[in-house]
Structure formats: structure tokens, C-alpha cells
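Asker: please find the sequence and the predicted model below.
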Amino acid sequence: MGGDQQTDLARDLSFSKPGVLNKSRSKGLEITRGYSSGFSMFDRSRSNDAIGQSQVDYVTSFRAKLKIPLLNKPSFKLLLGYEYADETYHFGQITGGQSSIFQGLDGNTLKSTRYTFYATKSFTEKYYAVFRARASFNGDYDGMANFDHRYAIYSGIAAFGKKVSDSKEWGIGVSYSTGFRNTRIIPFLVYNQTFNDKWGLEAILPLQVMGRYNYSPKTLLLFGGEFTSNAYSVDLQQAPQDLASVFHIRHASIDASVTLQQQIVPWIWLQAKGGYQLPFSTAVENTLQPELDFNATRGNNFFLRVGLFLSPPDKFMK
């Protein structure tokens, strides 16, 4: 169960006035479809030593994201964002002690709806600040959105940056999130540098490190590794009692990937991202009977995401 909530930070920071030459494109509207190859899923109950192995044939995903500018002054910007994303797991074989859980997930679309407020302030030509507040609702609910508290995750990000030169900038920040699973505070460092007309680096430590190759003003490649995660609140039944309960499911992974951004016409870009996913253990938590919690270990897999996005010319970002 992947997601890009952490790596979105790189794009969100790009709305401030400073920025290095030839950086990757900011996005106003984005529509993406994804496909992941199959993998094995192993489960081990925390209450016994039973081991089961199921097989996921493939995973499909969809994402639509929109940013709307409210105020676009050279030194101060306000934006509102809306995003809908989903992913669906298609199992080919389900066996083992947790088969009822995987049967409930098979073909069940897991959804995420996010509402975001962005603000950036440039104090001088060198110093700037970025703020992001977000409400996310993640689960297997019906329809496009559900604002029930059981699905809610609230988060905020504040960062302060310095543009050292046209080719280098750095920043420090902190991310805070609280929701149906836990509360987390994560400090981070931002470092962007353009070495020459072709090569650059875009990093948000410890979440992402990306090399950049600008083949031309209309074509660029990003390559490297990033941390991704997502969490959902879902309704499932679990053997042996077969009692319906609310479950919290979280998955995290390290993704090694290559991304192509290609301008088709002014404002419209194609993006294709492919790579290899190395997952951590997936936690499955039974909120009614915590003694039935278990971890699911999944195999590595390949993924591909293709879509279109709108990116304003550089003069509109000044």
C-alpha cells in the first residue's frame, strides 16, 4: 500500500519565489494512473506461529491532484489544493491464517482524499518560508470522500529556506501529523543544487534524494530513492471469530525510481515514473481486538505510473 504523501513535499516547496535553475517542474493539475507487478504476501499472527502465503497478481492506482492559486504576489503566495487517490489490490491466491483479511482487501478500493492549504513568504531575495496544512481522509469508504473522524489524518509542515545562489538553496523544517494510528514529528533538511546546465540534485533528507538530468528545457529525468507510506482505516472480518471490526493498515517502502518529465505543448507535460519497490512490514491492527494484530511481509515489486500535468511557465512563478 504505497503513497506519495512524504515526497509531495518536494513539489510543494517549489512554490516559493526562490528556486535553483533548471529544477523539476511544479504542478498545478495532475492526473496519473499506475500499475504494480505481483508479489507474495506472508503473514504471521502475533498470537501464534502460524504462517500463510498469499499472492497478489497486480495493483492498480489512480491519482488526480489540483492546486488553485488564491494569491500570487512576488513575495507572497496562497494556494488551495485538492487530491483524490486510490489503489486496488488484486489477489490471485489467498491462503493461511489471515486469509479472511486478504479476501476482504481483494478488489476493495482503498481511497485517500486530501484538502491542503499552502502559504509561501519570501522575506528577501535569499530567505523564504513555506507552510502547508492538510486534512486527509483514508479508507475503504463509499463515494469520493468521507469526513468521518475514523478516517482522518491531520498534518502540518513549516520550513525556512535560504537561496545561496541561483544554483544552490537549502532549508530546514519540521513535519507534524496526527490521526487514527499515531502522532509523529519529523524534522527534515532541504538541499537543492544545480551543478551545470545538465546535472542537479534535489534532496529532502531523510525522505528523498533525487539526481536530476536536464536533457533540454523541455525534457528532464529524475532518478534516485524515496520513502513512501500510507495508512487506511478499513472494515474487515477476521477469523476465527469472523467478527466485523475496524482495522488500521499501514505500509511503508523505499522506492528506487526514474522519472521522465516531457513537455508536450506549453503548459502540458507528460510524466512517466517507473521503478522498484522495497517494502517494509505491513502492519494490520484490529481496533476491536488488539491481540489479533499481525504483520504482513510482502515481496519486492516493479511499478509504473504514467500521467499528464499542467505546469505554468517560469514567468508565472516569479
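Answerer: That came through fine. Residues are numbered from 1 along each chain as shown.
Asker: any weak-confidence spans in the stretch 101-250 of the chain?
Answerer: Scanning the stretch 101-250 of the chain for pLDDT under 70 picks out the ranges 239-243.
Asker: what about the strands in it?
Answerer: Ranges of strands within the stretch 101-250 of the chain are 110-122, 127-139, 152-165, 168-179, 183-194, 199-205, 208-216, 219-238, 243-265, based on DSSP state E, counting those that start in this stretch.
Asker: S100 is nearest to which of those strands?
Answerer: Evaluated with C-beta to C-beta, the strands of the stretch 101-250 of the chain place strand 219-238 nearest to S100, the distance being 5.5 Å. In this view, the C-beta of every residue, glycine as well, is placed from N, C-alpha and C.
Asker: any idea how far the closest one is from the chain center?
Answerer: Between the centre of strand 219-238 and the centre of its chain there are 5 Å (C-alpha atoms, centre = their mean, to the nearest Å).
Asker: can I get the strands of the stretch 101-250 of the chain in JSON lines with mean neighbour count and distance to S54?
Answerer: Formatted as JSON lines, these follow (neighbours: other C-beta atoms under 10 Å; distance: least, C-beta to C-beta, whole Å):
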{"stretch": "strand 110-122", "mean neighbour count": "20", "distance to S54": "17"}
{"stretch": "strand 127-139", "mean neighbour count": "20", "distance to S54": "22"}
{"stretch": "strand 152-165", "mean neighbour count": "18", "distance to S54": "27"}
{"stretch": "strand 168-179", "mean neighbour count": "18", "distance to S54": "27"}
{"stretch": "strand 183-194", "mean neighbour count": "16", "distance to S54": "30"}
{"stretch": "strand 199-205", "mean neighbour count": "19", "distance to S54": "34"}
{"stretch": "strand 208-216", "mean neighbour count": "17", "distance to S54": "31"}
{"stretch": "strand 219-238", "mean neighbour count": "19", "distance to S54": "14"}
{"stretch": "strand 243-265", "mean neighbour count": "17", "distance to S54": "15"}
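Asker: in JSON lines: those strands, plus distance to N301.
Answerer: As requested, those are exported to JSON lines (distance: least, C-beta to C-beta, whole Å):
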{"stretch": "strand 110-122", "distance to N301": "17"}
{"stretch": "strand 127-139", "distance to N301": "21"}
{"stretch": "strand 152-165", "distance to N301": "25"}
{"stretch": "strand 168-179", "distance to N301": "26"}
{"stretch": "strand 183-194", "distance to N301": "26"}
{"stretch": "strand 199-205", "distance to N301": "24"}
{"stretch": "strand 208-216", "distance to N301": "20"}
{"stretch": "strand 219-238", "distance to N301": "13"}
{"stretch": "strand 243-265", "distance to N301": "9"}
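Asker: of those strands, which approaches T297 most closely?
Answerer: T297 lies closest to strand 243-265 among those, at 10.8 Å (C-beta to C-beta).
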